[in-house]
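In: the sequence and its predicted three-dimensional model are supplied below.
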Amino acid sequence: MKNSRKLFIFLVFLLPVFGRCESDLPYKDCFKNFNLPGHKQLGRNIDRVLFTILRKIQLSPVNYASHFAGRGSNAIYGHAQCPMYINRSECYSCVLKAIRRIKKDCQSSAEVEIWYELCFLRYDSTNFFKQVVQGPVFGWSQKQSPVAHSLDFIKTVNSVMAEATMRAIAASTRYGGMESVNSENNVVVHGMVQCTGDLEPLECSNCLNSLVKGLRSNCGGGAYSDCIMFAPSCMSRYVGVNRT
């Protein structure tokens with residue numbers, strides 16, 4: 001694997017793991033293919049949703065935007081999100097890149113998910129707003145020699161991610177960040193989690209708790225120095241950085 005990074009894809013709550021490479025970015029899924037000439041209104045609604053999301057995300061103070069268009073069999077629901085630690089300009093650029101990639105690779109699909117490291121975009125002909133979408137989860141971990149004093153490092157990772165999760169559930173932005181110093185090896189552990197902006201606290205909690213549990217099976221139990229996971233409704237990441 002490139003740069004010794006191990007990329008994994010698994011299903012929420014089932015967690016079977018398959019190897020991939022970080023160079024596979026972006027990760028995307030295109031479902032519900034349709035015949036474009038025979039469904040012109042559906043195609044127009046997809047375009048309307050995508051470009052309204054792009055306009056909204058440029059102005060959003062929380063790096064989240066959603067929109068829907070149409071009704072019945074022509075309805076399309078969509079949203080996009082970026083981590084709160086990047087600015088609006090970076091978020092806009094990433095979402096624009098995602099839309100261009102979707103228009104190229106998923107032109108005749110009524111259900112699409114695409115992940116870049118700095119943004120996520122999803123649309124569907126079924127209304128998924130305010131629901132935890134169960135589906136594929138992508139991510140990678142820095143699989144290297146175990147961090148020195150790894151048991152203490154794991155405890156620090158678990159503590160950081162638990163606190164970040166509680167902060168995200170309580171925050172209107174559904175974003176939580178936390179950092180802590182592991183005194184045994186002088187490493188600062190930075191952790192962040194985020195749910196999509198449409199989720200209520202309970203749904204956000206369910207999504208994040210399931211995702212953070214994946215650290216145990218996909219990040220050496222929390223011993224690897226860097227691990228990130230993307231799900232359709234939430235994401236998590238921690239990274240250990242040597243203290244200077």
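Out: Right, received. Where do you want to start?

In: any regions of the chain where pLDDT drops low?
Out: Filtered on pLDDT under 70, the chain yields the residue ranges 1-25, 36-38, 142-149, 183, 216, 220-223, 244.

In: which residues of it fall in strands?
Out: With DSSP state E as the criterion, the chain has strands at 5-11, 18-20, 27-33, 64-69, 76-81, 109-116, 119-124, 136-142, 175-182, 187-195, 226-230, 234-242.

In: give me the buried positions along the last one.
Out: What it means is strand 234-242. 234-240 (16 or more other CB atoms under 10 Å). To be clear about C-beta, it is placed using only N, CA and C from the backbone, and glycine gets the same treatment.

In: tell me the one of these nearest Phe120?
Out: For these, the closest approach to Phe120 (CB to CB) belongs to Met235, at 7.2 Å.

In: looking at it, that closest one is touching Gly214, isn't it?
Out: No. Between Met235 and Gly214 there is no contact under CB atoms under 8 Å: 11.2 Å.

In: with just CA atoms, put stretch 155-162 into PDB.
Out: Extracted in PDB, the C-alpha atoms of stretch 155-162 (Å, rounded to 0.1, in the frame of the first residue of the first chain):
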ATOM      1  CA  LYS A 155      -6.200   5.400  26.500                       C
ATOM      2  CA  THR A 156      -5.600   8.900  25.400                       C
ATOM      3  CA  VAL A 157      -7.100   8.300  22.000                       C
ATOM      4  CA  ASN A 158     -10.200   6.800  23.600                       C
ATOM      5  CA  SER A 159     -10.600   9.700  26.000                       C
ATOM      6  CA  VAL A 160     -10.100  12.300  23.300                       C
ATOM      7  CA  MET A 161     -12.700  10.700  20.900                       C
ATOM      8  CA  ALA A 162     -15.200  10.200  23.700                       C
END
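
In: now do that stretch: distance to the chain's middle.
Out: Put simply, stretch 155-162 sits 19 Å off its chain's centre (CA atoms, centre = their mean, to the nearest Å).

In: common neighbours of Met235 and Gly214, please.
Out: Met229 (CB atoms under 8 Å, 6 or more residues apart in numbering).

In: would you list the strands of the chain in CSV and tack on distance to Leu54?
Out: Shown next, in CSV, are these (distance: least, CB to CB, whole Å):
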stretch, distance to Leu54
strand 5-11, 27
strand 18-20, 28
strand 27-33, 17
strand 64-69, 8
strand 76-81, 8
strand 109-116, 13
strand 119-124, 9
strand 136-142, 23
strand 175-182, 21
strand 187-195, 20
strand 226-230, 20
strand 234-242, 20
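
In: any idea which of those strands gets closest to Val160?
Out: Going by CB to CB, the one of those nearest Val160 is strand 187-195, 3.8 Å.

In: may I see the buried residues of that closest one?
Out: 187-195.

In: from the contact counts, what lies against that strand?
Out: helix 150-170, strand 175-182, helix 201-218, strand 234-242 (3 or more CB pairs under 8 Å, 6 or more residues apart in numbering; DSSP states H and E).
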